[in-house]
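[1] Quick one, fold the following:
(chains A and B)
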Amino acid sequence: MYAQMVKTGVEHIRSKDEMSPEERAFQDRIDADIKIEPKEWMPEAYRKTLIRQISQHAHSEIIGMQPEGNWITRAPTLERKAILLAKVQDEAGHGLYLYCAAETLGVSRDELLEQLNSGKAKYSSIFNYPTLTWADIGAIGWLVDGAAIMNQVPLQRCSYGPYSRAMIRICKEESFHQRQGYDAMTKLARGTPEQKQMAQDALNRWWWPSLMMFGPSDADSVHSAQSMRWKIKINSNDELRQKFVDQTVPQAEYLGLTVPDPDLKWNAERGHYDFGAIDWDEFYQVIAGNGPCNRQRLRTRVKAYEEGQWVRDAADAYAAKKAARAQVKAA
Amino acid sequence: MTDKKEWPLWEVFIRSQHGLAHRHVGSLHAPDAEMAIMNARDVYTRRNEGVSIWVVKASDIAASSPGDKGPLFDPANSKVYRHPTFYEIPEELGHM
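    Numbering: from 1, shown residues only, chains lettered A, B, ... in the order given. This is a model prediction of the structure:
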């Protein structure tokens, strides 16, 4: 997902008897679906895990601008260009909503950006893949944003107020992202044989990385169990991945495209699609920094930050000058 | 990264089109109020969400503390007579 394999720092799930009175009251409120708000008491592990999860999500939005930004100047029509610009701008906005939410937990914006720029913080594995053709823009909207929505819709109900509110805003905007992607894929799939081949090639390359976005099975993960208890994770990774496959396969069929999985088959007994094994070695390689674009993504991010320094300096100088003038006037 | 001090945090309030009061929508960082309003326009009104923006420095907001919830808000619980549904109006009178 946009936040993958978030650690909670806990080793086992404590029963209510093992909790301090404060912690028990906290868990009772979560069980009763009462939202936790910024200044309220919360266990340190809850606060730290949320900072990790929300900031990883924010970093993903920010880095996620790069693969798509790659095609803004080469979009096939002015309309597609305007749409893509709007989408990339939304991603920046989503990053900002999420940084705000993270800051309410007592971490500063500069700290978060420093963690991203230094390579210390993680972001989603999916953004380390290249966008080789225009069809990749369609595939990202359709598959990557589609996968993100699977996770973000339930997170609107998460226990932390600011995170939940950010998710509500994001989900409202995200649906446009997925639809514009599917729309771009439809155009290609109904176009010339070459265009259809381009769409198929993009699906071939983005299908498996999209399934990896949900992260490895967390059926036995103590971190996932704890996060679910805290209601900052609502569904298991496998559950969301299955839902995504079930939803997406008919959409691919409608386009006349083939999902690149020979083992993919409808299982009437389960009422779900069975699908083939995922190459988790690839996933761990990408997470470890060895994906096709990890170094390039970080380099671009740091360069943009450094080259924007003069703009931030100018804004500071202007604010200081205005404040000084206001003081003179008041005197 | 330079060790410049961080831009102040501004809380953003937007009045929607329908004549409602300004509503808190989120926050952002900016060097001054003017930039805060410009940033708020880009971050919070990309889809016609507003007709007016207020920004307030977060450090200028005084807030009740979560611990005071009881003393502040519990007294209203027992005053059911403040709600119209407390009163029974004869049905034959119709709507009141």
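
[2] Which helix in chain B has the most residues?
    helix B:33-44 (DSSP state H).

[3] helix or strand right after that helix?
    strand B:52-57 (DSSP states H and E).

[4] What strands line up against that next one, and which way round?
    strand B:9-15 (antiparallel) (DSSP bridges).

[5] So what angle separates the directions of the partner strand and helix B:33-44?
    60 degrees (axes from the mean of the first three to the mean of the last three CA atoms, to 10 degrees).

[6] Only the buried residues of the worst-scoring helix or strand of chain B on mean pLDDT, if you could.
    When each helix and strand of chain B is scored by mean pLDDT, DSSP states H and E, helix B:69-73 comes last, with a mean of 91. Within helix B:69-73, no residue counts as buried by 16 or more other CB atoms under 10 Å in any protein chain shown. All C-beta atoms are positioned from the backbone trio N, CA, C, and that covers glycine.

[7] Then stretch A:32-45?
    Buried residues in stretch A:32-45 (16+ other CB under 10 Å): A:35-36, A:42-43.

[8] Distance check, residue B:83 against residue B:75.
    15 Å (CB to CB, to the nearest Å).

[9] Mind checking what secondary structure residue A:285 has?
    Here residue A:285 is recorded as helix under DSSP: H, G, I helix; E, B strand; the rest coil.

[10] who's in contact with residue A:54?
    A:3, A:98, A:101-102, A:105, A:163, A:166 (CB atoms under 8 Å, 6 or more residues apart in numbering or on different chains).

[11] before we move on, the earlier item: helices or strands up against the longest helix of chain B?
    helix A:78-103, helix A:309-330, strand B:9-15, strand B:23-29, strand B:52-57 (3 or more CB pairs under 8 Å, 6 or more residues apart in numbering or on different chains; DSSP states H and E).

[12] I'd like to know which of these lies nearest to residue A:300.
    Within these, the stretch nearest residue A:300 is helix A:78-103; the backing value is 13.6 Å (CB to CB).

[13] Within the helices and strands, which one has residue A:149?
    helix A:145-155.

[14] helices and strands around that helix, which ones?
    Using 3+ CB pairs under 8 Å, 6+ apart, helix A:145-155 sits against helix A:161-189, helix A:193-212, helix A:237-255.

[15] so how far is that helix off the chain centroid?
    Centroid displacement of helix A:145-155 relative to its chain, using CA atoms, centre = their mean, to the nearest Å, is 9 Å.

[16] can you check stretch A:110-117 too?
    On CA atoms, centre = their mean, the centre of stretch A:110-117 falls 17 Å from the chain's centre.

[17] List of residues touching that stretch?
    A:55, A:58-59, A:62-63, A:99, A:102-103, A:120-121, A:123, A:298, A:301-302, A:305, B:1, B:6.

[18] With residue A:243 as the reference, measure out to the residue lying closest to residue A:146 once chain neighbours are set aside.
    Using CB to CB, 6 or more residues apart in numbering or on different chains and skipping the chain neighbours, the partner closest in space to residue A:146 is residue A:178 (5.0 Å). Using CB to CB, we find residue A:178 at a distance of 14 Å from residue A:243.

[19] Residue A:106 too?
    34 Å.

[20] higher neighbour count, the two?
    A direct count of neighbours by other CB atoms under 10 Å in any protein chain shown for residue A:106 and residue A:243 places residue A:243 higher, at 16 against 10.

[21] dump the residue contacts of the nearest residue to the more buried one once chain neighbours are set aside.
    Leaving aside its sequence neighbours, residue A:243 sits nearest to residue A:150 (CB to CB, 6+ apart; 5.8 Å). Residues near residue A:150 by CB under 8 Å, 6+ apart: A:214, A:240, A:243-244, A:247.

[22] want to try a markdown table for the residues you listed, with pLDDT as columns?
    Output for the contacts of residue A:150, formatted as a markdown table (pLDDT from 0 to 100):
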| residue | pLDDT |
| --- | --- |
| A:214 | 96 |
| A:240 | 97 |
| A:243 | 98 |
| A:244 | 98 |
| A:247 | 97 |
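
[23] Nearest to chain B among those?
    residue A:247 (25.3 Å; CB to the nearest CB).

[24] how about the residues of chain B near chain A?
    Listed as neighbours of chain A in chain B under the rule CB under 8 Å from any CB of the partner chain: B:1-2, B:4, B:6-7, B:9, B:26-32, B:34-35, B:42-43, B:46-47, B:63, B:65-66.

[25] which parts of the stretch 1-150 of chain A sit against chain B?
    A:37, A:39-41, A:86, A:89-90, A:93, A:96-97, A:100, A:103, A:108-110, A:113-114, A:117.

[26] Separate out the buried members of these.
    Members of the residues of the stretch 1-150 of chain A next to chain B classed as buried by 16+ other CB under 10 Å are A:90, A:93, A:96-97, A:100, A:103, A:109-110, A:113, A:117.

[27] Report the two of these separated the most.
    A:90 and A:110 (23.8 Å).

[28] Redo the helices and strands packed on helix B:33-44 as JSON lines? Include distance to residue A:190 and mean pLDDT.
    JSON lines is the format used below for the helices and strands packed on helix B:33-44 (distance: least, CB to CB, whole Å; pLDDT from 0 to 100):
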{"stretch": "helix A:78-103", "distance to residue A:190": "15", "mean pLDDT": "97"}
{"stretch": "helix A:309-330", "distance to residue A:190": "43", "mean pLDDT": "93"}
{"stretch": "strand B:9-15", "distance to residue A:190": "41", "mean pLDDT": "97"}
{"stretch": "strand B:23-29", "distance to residue A:190": "40", "mean pLDDT": "95"}
{"stretch": "strand B:52-57", "distance to residue A:190": "43", "mean pLDDT": "97"}
